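> Provide a 3D model corresponding to the input given below.
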Amino acid sequence: MSSIIRNNKFIAGLAILLVLVSTKSFHTIASNKVANDKQIQDSAAETLTNAISKSDLVYSYDEMFNFDIEKYLEKNAPHLAAHSEAISHYAGRSSISPKIIIALIEYQTGLVRKNNGDLKLPFGNLSKEADFNGQVADIADRLSRAFYDGHSFHDTGLNAKRTGDEDARRAIQTIIASGKKTNTLNANAGNETQSFNSVFRQLFPETKLKSNEKEGGAVEVVPADNFLQLPYPVGKSWTYGGSHTNTGSGSYPQSSLDFNNGGRWGDNLTGIWVTSSASGRVVRHSSCFLEVVHSGGWSTTYYHLSGIRVNHGSTVSRDTRLANYASNRNQALCDGGSSSGPHLHFSLKRNGQFYHLNNVSLSGFKVHTGRNSYDGNCNYFWLEKNNSYYCAWEWINNPGVDGDTEPTIWPMENGQVRNNISGNQGVKYYYKIDVPADASNLQIAASGGSGDADMYVKLGALPTTSNYDCRPWKNNNNETCSFETPDSGSWYAMLHAYESFSGLSLKTTYSGGGGGYKVENISISQGNWKRYWIEVPEGMKTLTVKTTANNGDADLYVKKTSYPDKDNWDCRPYDGDSNEVCTFNNPESRRWYIGIYGYEAVDGLTMEAEWKP
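Coordinates of the predicted model:
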């Protein structure tokens, strides 16, 4: 009996044990399910947090002014710094954020954080192009086309592009799906788009910018009829071609027009000026490509330029001379591309996105866009003003804009005098002089004639009677504003007729204005490079770059658009020692790039750059 009891106890205990084990297993399974659900939720939350948005993809105006591509690369990827202008150029041309471009390089080939691949192919097999510039251009243009895909003026009847975050994500997915990753660090990633999102947030962890434009808005928005003028001087006549997309292919958005005032490759076109369509702030994307950011979220772009005469970040008024269109094919296409001849490629953007030109007015000429890019059929594409119609390739005189509230600003040069200025009581005249770095003794002087004109002077903006840096306040026309150590930049003068006046002369002068950059005790081993850059201000007559050393053989290279190499340079003396000189007359106001190559090893070398007005 005791044996039976013991056996029954054993059986009962075994049953209890099985129940406990089963219960524990149930809790374990349930616990694992909860954990898995939480992981899925966390993963989804992380994906949503990291997901690329429209404001990440579109090159915003804030980013244009506050994200320095070259400085970022010099700090984080110095081996790519020589390509900063190419990235800047194609980011501006496509309106795709340079951060997206840089992150795609890192995602695909890992070339941002490690210099371990082919620098000529930063996107690997995502692009079929065979060099750095070609691949950047290809990827940026394809991203732009994918972003706008499916948004047709004919479908929506609206200029406002109803793009959103999903369009941005689709654009990224389209590019990523076009090739197999060559970056082994990312080769095993399960979700490629999610992997790119993570790479982007690692490189650029800062808070995302909010879009200035509400998504999905159905309200037709165009600039006021008197907001934009034609992009060439008032009073001049140019011809124009059919409206087209920024890339020249497809039908939407037709944001661009080509303008021309004659000339062939090799001609002297320095007398043909491209001017700003409205007042705004300058973005200098490259030596051949500018953008001016206006009020109301609008901006205009100007491509195929040479001789740019405005600085990045400077403020311009409507009809300000910006540059010439280039007479040299290489300059017109300073970072690649194609062009059939000298001309201006002009585009309109809003909140960073290319904007369909239908019903947009330029100097009062309202655009009616064609069926597709470059549609020259006057039944479909024309300009209209005062019930008159103008077809492609007609010559159009620029009358300016009706009811223009922007004042004319007369440019002044160092030592220039404007004579016989006259005006009735209350009239205001405006003048501007660009003062280079290191200039001294700036003087703006009014003198002579009769009556009483009061002078007001201000740095960086038009002065008013209540906002100025200098106001002599004399009882006649003889007034002078002097600044012993003026800041560089645009100085503005206003003549206000306190009483009617006539016969007045205005003169602007400054001293010096040159500058330089010097590096000593440079050592370069055979076959290696040292690279530098300088900023040359406006108004310089000469730029001289030289190297000196009493040993070895260092070769000097200078280039104005990007860092030089053995095949690409603007000056290469190629002497038999380390003492070499490059001299440029009337150098462009821009960043110049210097490379020194160790043909033989050299020690104690000095590099000196000097610019003089």
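> which ones are touching residue 435?
For residue 435, the residues meeting the contact criterion (Cβ atoms under 8 Å, 6 or more residues apart in numbering) are 442, 486-491, 510, 513. (Glycine included, C-beta is placed from N, CA and C.)
> partner residues bridging it?
When bridges are assigned using DSSP bridges, the partners listed for residue 435 are residue 489.
> the one 4 residues further on too?
With DSSP bridges applied, residue 439 shows beta-bridge pairing to residue 512.
> residue 62 belongs to a helix, doesn't it?
Yes: residue state for residue 62 (DSSP: H, G, I helix; E, B strand; the rest coil) corresponds to a helix.
> that one: neighbour count?
With neighbours defined by other Cβ atoms under 10 Å, the count for residue 62 comes to 13.
> in space, what's closest to the spatially most central residue of the chain - neighbours in sequence excluded?
What sits nearest the mean C-alpha location of the chain, by Cα atoms, centre = their mean, is residue 285, with 3.4 Å. The shortest distance from residue 285 to any non-neighbouring residue, by Cβ to Cβ, 6 or more residues apart in numbering, is to residue 92 (3.4 Å).
> one more: residue 98?
Across the structure, with Cβ to Cβ, 6+ apart as the measure, the residue nearest residue 98 apart from its sequence neighbours is residue 91 (4.0 Å).
> if we can go back for a sec, and the residue nearest to the centre of the chain, what element?
Secondary structure from DSSP states H and E places residue 285 in strand 280-286.
> in its sheet, what does that strand sit against?
Each strand paired with strand 280-286, and its direction, by DSSP bridges: strand 289-293 (antiparallel), strand 315-316 (antiparallel).
> so which of the ones you listed gets nearest residue 602?
Ranking the strands paired with strand 280-286 by proximity to residue 602 (Cβ to Cβ) places strand 289-293 first, at 37.0 Å.
> residues making contact with the closest one?
By Cβ under 8 Å, 6+ apart, the surrounding residues in contact with strand 289-293 are 61, 64, 89, 92-93, 276-278, 280-285, 299-303, 305, 308, 310, 316, 322-323, 334-335, 349.
> just the strands in the stretch 451-600 of the chain please.
Counting by DSSP state E, counting those that start in this stretch, the segments of the stretch 451-600 of the chain that form strands are 453-459, 479-483, 489-497, 501-512, 515-524, 529-536, 542-548, 553-559, 580-585, 590-600.
> what are the pairing partners of the fifth one, and which direction each?
Paired with strand 515-524 in the same sheet, following DSSP bridges, are strand 602-612 (antiparallel).
> give me the buried positions along the partner strand.
Taking 16 or more other Cβ atoms under 10 Å as the neighbour-count basis, strand 602-612 is seen to contain the buried residues 602, 605, 607, 609-611.
> and the least confident of these?
By predicted confidence, the buried residues of strand 602-612 are weakest at residue 611, whose pLDDT stands at 85.
> contact partners for that residue?
Taking Cβ under 8 Å, 6+ apart as the contact definition, residue 611 lies against 514-516, 534, 536-537, 540, 542-544, 587.
> can you name the residues bridging to it?
Listed beta-bridge partners, residue 611: residue 515, residue 543 (assigned using DSSP bridges).
> make 15 the starting number, not 1.
Sure thing, new numbering starts at 15, so read that last one as residue 625.
> how far away is it from residue 436?
Separation of residue 625 from residue 436 (Cβ to Cβ, to the nearest Å): 38 Å.
> what of residue 369?
42 Å.
> more neighbours: which of these two?
When residue 369 is set against residue 436 and neighbours are counted by other Cβ under 10 Å, the residue ahead is residue 369, at 25 against 16.
> name the nearest residue to that one, ignoring sequence neighbours.
Distances taken as Cβ to Cβ, 6+ apart put residue 362 closest to residue 369, at 4.7 Å, once the chain neighbours are dropped.
> look at that neighbour and give its secondary structure.
Using three-state DSSP, the structure places residue 362 in strand.
> give the contact list for it.
Counting by Cβ under 8 Å, 6+ apart, residue 362 makes contact with 237, 242, 269-270, 312-314, 368-369, 371, 374.
> which residues does it bridge with?
Beta-bridge partners of residue 362, counted by DSSP bridges, are residue 314.
> winner for burial among the strands paired with strand 294-300?
strand 303-307 (a mean of 23; mean count of other Cβ atoms under 10 Å).
> tell me the gap between that one and the middle of its chain.
In terms of Cα atoms, centre = their mean, to the nearest Å, the centre of strand 303-307 is found 7 Å from the chain centre.
> report the rounded mean pLDDT for that strand.
pLDDT averaged over strand 303-307 equals 95, rounded to a whole number.
> alpha carbons only: can I get that strand in PDB?
Once side chains and other backbone atoms are set aside, the C-alpha atoms of strand 303-307 remain, and they are given as PDB (Å, rounded to 0.1, in the frame of the first residue of the first chain):
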ATOM      1  CA  PHE A 303      25.800  78.500 -62.600                       C
ATOM      2  CA  LEU A 304      24.000  81.100 -60.300                       C
ATOM      3  CA  GLU A 305      20.800  81.200 -58.400                       C
ATOM      4  CA  VAL A 306      19.000  84.200 -57.000                       C
ATOM      5  CA  VAL A 307      16.600  83.600 -54.100                       C
END
